[in-house]
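# could you look at this predicted model? Sequence included:
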Amino acid sequence: MTDRWQPSRAGIINVWRYYDEIFSFYQGRLLLRGPNGTGKSKALELLLPYLFDANLRPHRLSTFGSADRTMHWNLMGEGNQGSTRVGYVWLEFQHGEQWFTCGARLQATTNTSNVMATYFTTSLRVGDLALVNEAGRPLTKTDLVAAIGEHGVVHASPTDYRHTVRTTLFPGVSEQRYDSLITALLQLRTPKLSERLDPSVLSSLLSKALPPLDQSDLTEIAEGFERLDRQREELRRLDEDITTAERLADVQRTYAQRVLGAAAQTLESATEHLEDTTRAARMSERRYERQITLTDEAFEQLAALGREASAVDAEIAGISDLPAYQEGKQLDLLRQQLSAANLRAAEAASHAVKLRARAVADEELAAQAKSDAAARADEVRRSATIAREAAELAGMPSVFEEIEAGTDARAGRQLLSAAVDSRTTEISAIMRAVAAHERAVDARDAARQRLEETHEELDLATDAEASAQRAFEQAFAKFGADFDTWARGCFELRVSEHGEVAEAAAMAREEFSGIEARLHETRTALNGQLAQYNSIREKLANQVDVPPPAPYTRDAAYRTTATGAPLWRLVNFRPDTPPAVCAAVEAALEASGLLDAWLTPDNSFGLSDHDRFAEPLLAGPANGLTLLEVLVTDDERCYHFLESIAFGETAPRHIAAIGADGTWRLGNAHGRWAKPFPTYIGADSRKRARAGRIAELTGLIEQLATDLSGVDAALNQIAVRRATLAGELARQPSTDPIEIAEDQRTKAQLRCAARKDAVAAATRRLSDAELTVAETLHGIGTDITDMDAVSAFGTAGHRWLDDRHDALTTEATSHDALTRASLSSSLADEAEEAAGARQQEAADLAITLDTVERSAGSEFHALDQQLITLRTKALALAEERELLQDKQTSLARLLGTLEEKRKVDTARAAEATAAHEAAEARYRHLTSGHLPADAGGVPEGVVDPRLIRDSESRLGMAVHEAQQKLAGRIDLSLDPDDDVTVLSATLDGVRMGAHALLGTLKAERDRVRTHITDVERDLFDQTLTGDTRRHIAQRIQGAADLVDTMNQHLARVQTASGIRVQLDWQVDPQLPPGTREARDLLLRSDLDASERALLHQFFRERVEEARAHDTATGWEQQLAQVLDYTTWHQFVVKVDRGDGWGPVTKRVHGALSGGEKAIVLHLPLFAAAAAHYHATPTAPRLILLDEVFVGVDATNRGQLLELLVNFDLDLVLTSDHEWCDYRELTGIAIHQLTTGTDGDDAVTTVRFTWDGHSLTADD
């Protein structure tokens, strides 16, 4: 037994191919050994760190980090036949006489890919707790709850389960650090780690293993900074005033610039417009006069052309009617026919030439195709000869002949492939039979040797069994006497037998746990109330005004940008109003909903659908007394609203009324409410209400602090009783001598039985080996064909078939080319005959035309030529006249347009003169006030009038918001001036613009800031040079000592080539300048002024970075980041290869052998795992290694295992060849995994134990 939790057993029930398997540890160590496929890595996936993590994501389960195998597949895959499957996985830990079992019930169905996981923890051991029923079926969830009963918990969620496992096995470890531990275990579990792990990952893993700052330390430090923040809050409020004034000045600057810019633009535009309109009027007059002249000239030209066209038409008519011209009219028709015939003859000749060229090209292609077909035939004959020779060498000539005789190319290729594959399979089977026979002979010889060895081992085991029995009897007698003496001296425990100790201790712890649970529940509730009251008090302290609660029907976003204010901000009670009446009136307004109603500067119709508005326009003044009797306001619309509400001792009979007794009436609704004093109307009322609530909360907070002290005292008393119980348990006589003696006796008995079984098994193996030798001899044939010859025939045959297919294709192509060439020649002949016919037709028409022309007289020819000339002239005159008519129409239309434009331009010039005079006067007026100073200059460019309206609206909103925030010190007013609004501010009786107001406020802010900055620096320096420095210095020094201890252990490991490894913990060079110097200053206490200033600057910059990234919400979270000393450092793995220490870079790592890589990367990882457990001495110290130490020689494996023993780590290893029987390892349990050979897929194990001296098999 050890003084901490240590794994003792693990089990898998009905998951994957594990149906009910238990793995027993030895000295907290376990090796799962077996060939690939037996499930050793699968056992790791199902057990660790899953039962710490409670996370079913595939990449967290898989040792390779992949998502290929889910937990659903583990349950329903691998040939599972059922529709639903339930299984269990569990881990058992021992700490002295205490036991802790954690596990999960897993259920999956074929209907979904999800897995239902139910997690449980218990003090019972599996065995005492049955996870299957009498029929051997896994328990249902209900049965599991009943079976555990009061000895544990079936958890409602994975989070609750993780919390219980963490607080039980790893007390004091935070959730964040627990996650880092699981991440490290997952990284270490990666198979063949040295082949996959990047050396750069080591620094992160090692840094996460260092102890963090104590949370209680951070809480104490954060309180100091929170006090500092409360002082800075005062400065923030001053900054808010400046921000408000700056925003107002910015809005006013934009508005003033746009107003002045628009005025300047208006003046400039008016000047330009005046010049443009005057110039346009003069130009319009000149164009009008010139257009009149052009129109007159066009009329005269059109009349002259008409007269000339009439004369030409009369002359044409006279010639056409002459008898001499009528006789020769048919000549025109003959000329047209001859022209058409010549065109047809030319087209036919061109078509014939094209067809003849195509026929020649087709004949050349046919000749080339015929030549290609002949060449392909020669290639087929050569490849057939090669294939025939290869078939004879392979002993397969009949296959070639059958293919050659066939005509189906596809069937021949299939026959060839089938024959070659069949012969190849036959040869492979013969070769396998020869190899099997050789292996059988070797196995028979080994079986004979093993039989002789088992007989010798049986003799030794029989002698050891007798000695162990005598030692057990002596140890049992001594323990009985020691136990009686111890039991009489106990206070918390009342026992008479050793078997009652565990139950009595459990009952005592259960009593303590019940009391503690109730106390912790009370403490949690008190802390929750305390945090809630503190938060409310702080919120009240930081708020200037606390508004009434908003109804859920209100649009919360509307009021943040709306113009206006609620009624309670705009009114105040008259000084002479009695306090009781003030309280009653406010109560009536609040109950009726009017107190928080929104008043806008203008009418509120259509502004929002989700708010309550007070609208004076909806009702006139009330008759008699109104609310103005008790309330006053400076707002005009608010005044009218109050005037419309009746007032009396009780609510009068009016449509809207408020009574001095708290009654109210709105239409046909009425009611009454009361409150002791007003809390919203009037600054004094609001201040008094806030102060009263803060005082009330302070009293509640003080009472809660007193209650918490009482709870802490009760918890301390339980802690004393727990310590007494723990002391009694620690002093009880150890059962180790009995257990050791019994364990030795049992092991001796098991070894003796195992040796007997080994002798019998060796005898059976020898007999089986003899039979195998005989059987394998029969499977060997005498004739083995050369495998290469068969392969060569297959290759040659496929090449021959390819050539034959190509030859057939080429022959078909040649035949098609010859057919096309013959057809092309025929078409060319027909086209040439058609072209000759067309040419003859044209020649005949030419002769006919010539004959007719010779027969016509000379008089006709003269008249025909004269008529052609006249018709050409008539056509030209018609075209010219049409153009001139269009021009005349356009000129007349343009003349009217120019006359209208002349009148318009003259009127515009007069209007522009008046507008220029008005713009000049307006610009002089605007620049005479403080607008130029607020604007800071007149902008250039065009100003959109919509932007001015937008700026004016924004200015109104900004003034309203600023007036609320700056009320009491500064009066703001917006005065209309024609089409613009002028902003004025009155501060201390001085009227000024927004620019002057901002300058005055900034000067005041600077004076206040200087004072607060000095106070802040004093507090910051006091904190950083006091407790904070000591806390961090202690952590840094402790981490450095831890690294030194790691290096002392690492120094004991050295490879045969002299390689050694050590860790160097140094300041990260990538961090901002000054980090190293600040770190060194933290380790010193005697700092001068410059060093304190440097330290102040360093931490202030880190805090500002944390806030800028918004990675933390409160001071405690921010300090956890800023003061995380592990992020200031990095781990550098260094290696000494005989030439001094140097960092392990990727280049250095790549130059190492496989075994050296494994050592260089495993050593720092082992140190990281040990560091994770350094701050938790009672925790189990697990390390998981899949495919352990691949590529590492035996000597270094022993050194690595010795390092793990020195680190006191609990090992869970897997390997397909390793036995871990090294003298450096004090002990380990070895489970040899096997699977059935008779169709049974179940995985079973045979357990062996290495005790540091010998390897023995368990029964």
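Structure received.
# what's the single longest helix in this protein?
Using DSSP state H, we find that the single longest helix of the chain is helix 215-320.
# low-confidence stretches in the stretch 151-300 of the chain?
192-202, 205, 208-209, 211-235 (pLDDT under 70).
# same thing with the stretch 1151-1259 of the chain?
For the stretch 1151-1259 of the chain, the stretches flagged by pLDDT under 70 are 1236-1240, 1259.
# tell me where it has helices.
1154-1172, 1194-1206 (DSSP state H, counting those that start in this stretch).
# how many neighbours does residue 131 have?
The burial count assigned to residue 131 is 22, neighbours taken as other C-beta atoms under 10 Å. Bear in mind the C-beta positions are built from the backbone N, C-alpha and C, glycine included.
# so it sits against residue 90, correct?
Yes: between residue 131 and residue 90 a contact is recorded at 7.3 Å, counting by C-beta atoms under 8 Å.
# shared neighbours of these two, anything?
residue 103 (C-beta atoms under 8 Å, 6 or more residues apart in numbering).
# residues contacting residue 1079?
1036, 1067, 1125, 1128.
# no, scratch that, I was asking about residue 627
So residue 627 contacts 585, 642-643, 645, 647, 658 (C-beta under 8 Å, 6+ apart).
# so what's it closest to, chain neighbours aside?
Spatial nearest neighbour of residue 627, excluding adjacent residues (C-beta to C-beta, 6 or more residues apart in numbering): residue 642 at 4.2 Å.
# who are the packing partners of the helix or strand hosting that neighbour?
Assigned by DSSP states H and E, residue 642 belongs to helix 636-643. Packing partners of helix 636-643 (3 or more C-beta pairs under 8 Å, 6 or more residues apart in numbering; DSSP states H and E): helix 567-570, strand 598-599, strand 631-633.
# mean confidence score for that helix?
Here helix 636-643 scores 89 as its mean pLDDT.
# next: stretch 1060-1075.
Stretch 1060-1075 comes out at a mean pLDDT of 79.
# which residues touch it?
Contacts to stretch 1060-1075, defined as C-beta under 8 Å, 6+ apart, come from residues 206, 1039-1040, 1043, 1046-1047, 1050-1051, 1053-1054, 1076, 1079, 1094, 1097-1098, 1101, 1127-1136, 1141, 1143, 1159-1160, 1163-1164, 1167.
# which one of the contacts of residue 1079 sits closest to residue 52?
residue 1125 (26.8 Å; C-beta to C-beta).
# could you list the domains of the protein?
The chain breaks down into these domains under automatic domain parsing: 1-25+36-172, 331-395+789-855, 464-544+684-779, 548-679, 1018-1172.
# so which of the ones you listed is nearest residue 282?
Once the domains of the chain are compared by C-beta to C-beta, domain 548-679 is nearest, at 49.5 Å.
# start to end distance for the closest one?
9 Å (C-alpha to C-alpha, to the nearest Å).
# check the offset of it from the chain's centre.
Offset of domain 548-679 from its chain centre (C-alpha atoms, centre = their mean, to the nearest Å): 52 Å.
# residue 206: what secondary structure?
The three-state label given to residue 206 by DSSP: H, G, I helix; E, B strand; the rest coil is helix.
# ok, it to residue 1163 distance?
For residue 206, the distance to residue 1163 equals 11 Å [C-beta to C-beta, to the nearest Å].
# hmm, back to that, for the helix holding residue 642, buried residues please.
Of all the residues in helix 636-643, those buried under the rule 16 or more other C-beta atoms under 10 Å are 637-643.
# that's a helix at residue 190, yeah?
No: under three-state DSSP, residue 190 sits outside any helix and is assigned coil.
# state the phi and psi torsions of it.
Dihedral pair for residue 190: phi -60, psi 130, per degrees, to the nearest 10.
# residue 1184 is in contact with that one, correct?
No: Residue 190 lies out of contact with residue 1184 (C-beta under 8 Å); the separation is 9.4 Å.
# looking at these two, which one has more neighbours?
residue 1184 (23 against 19).
# how about that one, nearest residue that isn't a chain neighbour?
Here the residue nearest residue 1184, using C-beta to C-beta, 6+ apart, is residue 189, at 4.2 Å.
# in contact with the one you found, which residues are there?
So residue 189 contacts 44, 48-49, 63, 1184-1186 (C-beta under 8 Å, 6+ apart).
# now do residue 715
Applying C-beta under 8 Å, 6+ apart, the residues near residue 715 are 516, 519-520, 523.
# could you list which of those belong to helices?
Using DSSP H, the subset of those located in helices is 516, 519-520, 523.
# JSON lines for the residues you listed, including neighbour count, distance to residue 1257 and pLDDT?
Output for the ones in helices among the contacts of residue 715, formatted as JSON lines (neighbours: other C-beta atoms under 10 Å; distance: C-beta to C-beta, whole Å; pLDDT from 0 to 100):
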{"residue": "516", "neighbour count": "17", "distance to residue 1257": "47", "pLDDT": "80"}
{"residue": "519", "neighbour count": "18", "distance to residue 1257": "52", "pLDDT": "84"}
{"residue": "520", "neighbour count": "13", "distance to residue 1257": "50", "pLDDT": "82"}
{"residue": "523", "neighbour count": "18", "distance to residue 1257": "54", "pLDDT": "81"}
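# pick the one among these closest to residue 814.
Nearest to residue 814 among the ones in helices among the contacts of residue 715, with distances taken as C-beta to C-beta, is residue 520, at 99.9 Å.
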